[in-house]
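K.L.:
what follows is a protein structure lacking sequence information:
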């Protein structure tokens with residue numbers, strides 16, 4: 001029994017269900033595959049306690065085995081995508097994203113915030129044979145992602161304070177403060193332009209989509225300079241900001257709550 005179990009005074013509990021949810025939330029926040037022993041150590045439960053949960057989650061398609069351990073599949077992502085607000089956002093964004101990709105000859109992605117992570121929920125490949133994109137469902141910690149700067153920099157004060165507390169608890173004050181400084185600068189500028197920190201030769205260009213509840217998503221163009229050039233980066237930024245502004249106008253009356 002964990003400390004949380006001992007101090008939990010809720011009227012109704014479902015221990016088996018909560019063990020399964022603990023596994024899903026841990027794999028989501030960890031971001032990398034984990035073995036049953038690693039899950040056991042973090043969750044404070046025995047391997048035998050978790051074994052049946054892991055087997056059921058794998059059978060139902062929520063997790064899968066890899067050489068490094070268990071990881072999440074896209075099943076939860078697919079369920080979330082079926083919700084009306086997300087579906088509305090994607091349906092509205094895709095035509096604009098196609099126009100953006102055609103105008104810039106670059107790929108583009110639609111990104112939303114999920115807890116302390118960003119998630120790619122739609123993408124359009126750039127025209128031609130050469131381009132760069134990531135898969136739908138790709139996740140990254142907000143503090144490491146270029147889109148994360150816009151999500152924080154354009155958020156209301158109360159949301160910033162809450163997110164800051166969570167980031168400090170997980171990543172420490174020094175790293176969080178560096179992130180916040182860059183995010184505030186990005187929010188004031190209205191877009192982000194910075195070299196990708198994990199793919200050489202790619203410059204991340206990001207603009208926010210503002211809805212009724214504040215920033216609800218970002219558009220990101222992973223800019224690649226080709227030879228001969230097909231689009232100047234300043235021109236691409238201009239197209240990106242116009243596309244994000246157009247989507248903001250369309251989504252401003254739609255609550256994502």
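P.N.:
In hand now; what should we look at? Note that the coordinates shown come from a computational prediction; the quantities given were computed from them, not determined experimentally.

K.L.:
please, where are all the strands along this structure?
P.N.:
Defined through DSSP state E, the strands belonging to the chain, from first to last, are 63-66, 69-72, 108-114, 117-124, 139-141, 192-195, 202-211, 214-224.

K.L.:
in TSV: those strands, plus mean pLDDT.
P.N.:
Compiled in TSV, the strands of the chain are given as follows (pLDDT from 0 to 100):
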stretch	mean pLDDT
strand 63-66	88
strand 69-72	88
strand 108-114	92
strand 117-124	91
strand 139-141	88
strand 192-195	94
strand 202-211	94
strand 214-224	93
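
K.L.:
now tabulate the ones you listed in CSV and tack on mean neighbour count and distance to residue 97.
P.N.:
Placement of C-beta: from N, CA and C, glycine included. Rendered in CSV, the data for those read as follows (neighbours: other C-beta atoms under 10 Å; distance: least, C-beta to C-beta, whole Å):
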stretch, mean neighbour count, distance to residue 97
strand 63-66, 16, 29
strand 69-72, 19, 25
strand 108-114, 23, 5
strand 117-124, 21, 4
strand 139-141, 17, 20
strand 192-195, 17, 18
strand 202-211, 22, 11
strand 214-224, 24, 7
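
K.L.:
just put those strands in CSV and tack on distance to residue 162.
P.N.:
Supplementary listing: these in CSV, determined by distance: least, C-beta to C-beta, whole Å:
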stretch, distance to residue 162
strand 63-66, 29
strand 69-72, 24
strand 108-114, 12
strand 117-124, 15
strand 139-141, 16
strand 192-195, 22
strand 202-211, 18
strand 214-224, 13
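
K.L.:
closest one to residue 155 among those strands?
P.N.:
Among those, the nearest to residue 155 by C-beta to C-beta is strand 214-224 (6.0 Å).

K.L.:
okay, now the unreliable bits of the stretch 101-250 of the chain?
P.N.:
Using pLDDT under 70 as the threshold, the predicted model of the stretch 101-250 of the chain has no low-confidence range.

K.L.:
which stretches of it form helices?
P.N.:
Counting by DSSP state H, counting those that start in this stretch, the stretch 101-250 of the chain forms helices over residues 146-153, 157-171, 173-189, 233-251, given from the N-terminal end onward.

K.L.:
so which of these is the most surrounded?
P.N.:
Highest mean neighbour count of the helices of the stretch 101-250 of the chain: helix 146-153, a mean of 26 (counted as mean count of other C-beta atoms under 10 Å).

K.L.:
packing partners of that one?
P.N.:
Helices and strands touching helix 146-153, as assessed by 3 or more C-beta pairs under 8 Å, 6 or more residues apart in numbering; DSSP states H and E, comprise strand 117-124, helix 173-189, strand 192-195, strand 202-211, strand 214-224.

K.L.:
for these, give me TSV that also has distance to residue 91.
P.N.:
Written out in TSV, the entries for the helices and strands packed on helix 146-153 read as follows (distance: least, C-beta to C-beta, whole Å):
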stretch	distance to residue 91
strand 117-124	10
helix 173-189	27
strand 192-195	26
strand 202-211	14
strand 214-224	13
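
K.L.:
what's the closest of those to residue 238?
P.N.:
Nearest to residue 238 among the helices and strands packed on helix 146-153 is strand 202-211 (10.2 Å), distances taken as C-beta to C-beta.

K.L.:
now the closest one, how far from the chain's geometric center?
P.N.:
Distance, stretch centre to chain centre, for strand 202-211: 13 Å (C-alpha atoms, centre = their mean, to the nearest Å).
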